[in-house]
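**Student:** sequence plus predicted model, see below.
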Amino acid sequence: MDWSPMLISIRTAMTAIVITFFLGTYAAKWIFRLKSQKLKMIIDGILTLPLVLPPTVVGFMLLYTFGVKRPLGKFLVDYFSVRIVFSWTATVIAAVVISFPLMYRSARAAFEQVDMNLIYAGRTLGMSESTIFWRVLMPSALPGVASGGILAFARGLGEFGATAMIAGNIAGKTRTLPLAIYSEVAAGNMEGAYNYVLIIVAISFLIVLLMNYFTSKEKRYQMKR
Amino acid sequence: MGLYVDIQKKLKGFSLNMHLETDGGFLGILGASGCGKSMTLKCIAGIETPDTGQIILNDRVLFDSEKKINLSPQKRRIGYLFQNYALFPNMTVEGNIGVGIRLPKIEKKEKISQMMKLFGLEQLKSRYPHQISGGQQQRVALARILASAPDVLLLDEPFSALDYYLREKLQIQLAEDLKRFHGEVLMVTHNRDEVYRLSEKLTIIKNGSSLIAGATKEIFKKPEYLEAAKITGCKNISRVEAVNKDEVRAIDWGVNLKVNAPIEKDIKYIGIRAHYFTGKADGVNQIAVKFEKVIADPFEMNVVIKNKYSENTQEIWWKVSKSDWKSVYKEQVPNYLYVAPEDIMLLKE
């Protein structure tokens, strides 16, 4: 059995979640602070789009952005000699874009559930906005933010459509677990696909367990208050 | 010196148009729920922004819509005690008290332990808010605010989250604790007992603007307005027509009553507190009793009657202490109730 798809998948998902976690949390914080309801709705719509669009459409858009003949893609090749499409980086970009809305939405929901009086109290006590964010908002929202992170990780691990479009299916380089399963089945090798399926089911189940653990923690915490 | 507030803000359903002035001491703000009293405090603290107006604290302009001044809550130095205390659940008692102290590390530590000592919280030092009682939470919140050395203290329904039996105890304790605070105190509440006990001055609010302001005891004695009489707990209110220069007809009770002259033109109601009736024949005003019901409180009897000689009239409540009820009235409803003219409050709309 070829272990490379598993290694590539884990590496991709791990790298992607670090990026997604910070991007999503900061986007959530930014939207949470916005005062205009209209602007909030529009930006939220844009940020949530990758969740509802078919992954192939997202992949198409990424290809359109990073293609070597497009301005950004050309710029990266000309000045940094970096070609994004069909590279390992592309798998990470696809996973980040696809999993971002889950992280962002979970974090925002978690922030919005925090008692606003805590934030007001912080302000009247003279705490700076960043201190309030890190020492009041974040700890109170942590269970929700963490479960959002886990969900986003799982989504990144299972990413198929956008990855296939922008990163392709190059064995040992961009072939992640979902792509490997597809390739094995396409080649008529059900036995090989079976092993990969088992691995991904096991990991996914573990993730769901972890999430349930976090949500139960959240509930217990609320009950105490 | 003092706090000057004159603000307007459009809200859902009504407009806030608030004018308040204090010159030190304890100001109570009394109003029904949803009349805009919490919103007023939030505007003073800078949590909410008024549409227009001015907020000035000891010659420091906190807000001025014309001069486009709007200080952030961090810069206003205003302490705000929230209804639910808003203690940070992820910090210990010690951590909570420390958040508002802007001092170097060692001095900060000293200040924290000093505050904990003052408020008797040393034992609870490393407990979390959910591990202590509601009364202790209030003391931690108060210690946290006073540690940040504000110029003004705003109390937003400070006792509403507490059990009844704890309330009275903490009212006394709060009054004690606040003796150490030398700034203005504004307390918002819908509870007349709290205001009567704690505040020297009082403002009554109706639909977003202040109805009457003055010394608390004075307003309770002479509320002047129908709404003020109701919120200070007056049980018996009737529409009136002037009959004489010192006599009115109480339409809802079907009886003529002597009152203290003069009766101004805009007097539309009278109010009689339920405690001010007596069954002893010593007043000029008498109402013939048609007995309705008696409701017993722990230490008081509520006797509900109607005017015997008039059809379709409203109930009149008489409150009498249980001891008087037993010894003076022998548990019998008297044939007449009396009330002195000076105990009848003349009320405007």
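**Tutor:** Noted; the coordinates are in hand.
**Student:** ok, the residue nearest to the spatial centre of chain A - contacts?
**Tutor:** Nearest to the mean C-alpha position of chain A, counting by C-alpha atoms, centre = their mean, stands A:Ser99 at 2.8 Å. Going by C-beta atoms under 8 Å, 6 or more residues apart in numbering or on different chains, A:Ser99 touches A:16-17, A:20, A:152-153, A:155-156, A:159. C-beta coordinates here come from the backbone N, C-alpha and C atoms, glycine included.
**Student:** are any of these buried, and which?
**Tutor:** By neighbour count, with 16 or more other C-beta atoms under 10 Å in any protein chain shown, these hold A:16-17, A:20, A:152-153, A:155-156, A:159 as buried.
**Student:** let's see which of these end up in strands.
**Tutor:** Nothing among those maps onto strands, per DSSP state E.
**Student:** now those as JSON lines including pLDDT and distance to B:Glu264?
**Tutor:** JSON lines is the format used below for the buried ones among the contacts of A:Ser99 (pLDDT from 0 to 100; distance: C-beta to C-beta, whole Å):
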{"residue": "A:Ala16", "pLDDT": "97", "distance to B:Glu264": "78"}
{"residue": "A:Ile17", "pLDDT": "96", "distance to B:Glu264": "75"}
{"residue": "A:Thr20", "pLDDT": "97", "distance to B:Glu264": "72"}
{"residue": "A:Ala152", "pLDDT": "95", "distance to B:Glu264": "71"}
{"residue": "A:Phe153", "pLDDT": "94", "distance to B:Glu264": "75"}
{"residue": "A:Arg155", "pLDDT": "93", "distance to B:Glu264": "74"}
{"residue": "A:Gly156", "pLDDT": "94", "distance to B:Glu264": "77"}
{"residue": "A:Glu159", "pLDDT": "94", "distance to B:Glu264": "80"}
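**Student:** go through those and flag which are in helices.
**Tutor:** Counting by DSSP state H, the members of the buried ones among the contacts of A:Ser99 that fall within helices are A:16-17, A:20, A:152-153, A:155-156.
**Student:** helix or strand right after the helix or strand hosting the residue nearest to the centre of chain A?
**Tutor:** Take DSSP states H and E as the rule and A:Ser99 turns out to sit in helix A:88-113. Per DSSP H and E, the first helix or strand lying C-terminal to helix A:88-113 is helix A:116-124.
**Student:** quick one, that following helix and helix A:88-113 angle?
**Tutor:** Going by axes from the mean of the first three to the mean of the last three C-alpha atoms, to 10 degrees, helix A:116-124 is angled at 90 degrees with respect to helix A:88-113.
**Student:** what separation do you get for the residue nearest to A:Leu151 when sequence neighbours are not counted and chain B?
**Tutor:** Nearest residue to A:Leu151 in three dimensions, chain neighbours excluded: A:Leu102, at 4.9 Å (C-beta to C-beta, 6 or more residues apart in numbering or on different chains). Going from A:Leu102 to chain B by C-beta to the nearest C-beta, to the nearest Å gives 25 Å.
**Student:** around A:Leu102, count how many other residues there are.
**Tutor:** When neighbours are counted by other C-beta atoms under 10 Å in any protein chain shown, A:Leu102 registers 23.
**Student:** can you pull the contacts of it?
**Tutor:** A:24, A:51, A:148, A:151-152, A:155.
**Student:** can you rerun that using 7 Å?
**Tutor:** Contact partners of A:Leu102, counting by C-beta atoms under 7 Å, 6 or more residues apart in numbering or on different chains, are A:51, A:148, A:151-152, A:155.
**Student:** just give me the closest of those residues to chain B.
**Tutor:** When the contacts of A:Leu102 are compared for distance to chain B (C-beta to the nearest C-beta), A:Gly148 wins out at 18.5 Å.
**Student:** give the next helix or strand downstream of the worst-scoring helix or strand of chain B on mean pLDDT.
**Tutor:** For chain B, the helix or strand with the lowest mean confidence is helix B:164-177, at a mean of 87 (criterion: mean pLDDT, DSSP states H and E). Note on helix B:164-177: by DSSP H and E, the next helix or strand toward the C-terminus is strand B:184-189.
**Student:** could I get the buried residue list for the helix or strand following that following strand?
**Tutor:** Downstream of strand B:184-189, the next assigned helix or strand under DSSP H and E is helix B:192-198. By neighbour count with 16+ other C-beta under 10 Å, helix B:192-198 contains the buried residues B:192, B:194-196, B:198.
**Student:** ok, stretch A:164-179 next?
**Tutor:** Those would be A:164-169, A:174-179, for stretch A:164-179 by 16+ other C-beta under 10 Å.
**Student:** stretch B:298-305 now?
**Tutor:** B:300-301, B:303-305.
**Student:** do stretch B:277-286 as well
**Tutor:** For stretch B:277-286, by 16+ other C-beta under 10 Å, it's B:277-279, B:283, B:285.
**Student:** which residues of chain B lie near chain A?
**Tutor:** B:45, B:47, B:73-74, B:78-80, B:82, B:84, B:86, B:88-90, B:99-100, B:102, B:130, B:144, B:148 (C-beta under 7 Å from any C-beta of the partner chain).
**Student:** change it to 6 Å
**Tutor:** With C-beta under 6 Å from any C-beta of the partner chain as the criterion, chain B meets chain A at residues B:45, B:47, B:73-74, B:80, B:82, B:86, B:88, B:90, B:99-100, B:130, B:148.
**Student:** sorry, back to before: same list (the buried residues of stretch B:277-286) but as JSON lines, adding distance to A:Met190.
**Tutor:** Formatted as JSON lines, the buried residues of stretch B:277-286 follow (distance: C-beta to C-beta, whole Å):
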{"residue": "B:Phe277", "distance to A:Met190": "94"}
{"residue": "B:Thr278", "distance to A:Met190": "98"}
{"residue": "B:Gly279", "distance to A:Met190": "99"}
{"residue": "B:Gly283", "distance to A:Met190": "103"}
{"residue": "B:Asn285", "distance to A:Met190": "101"}
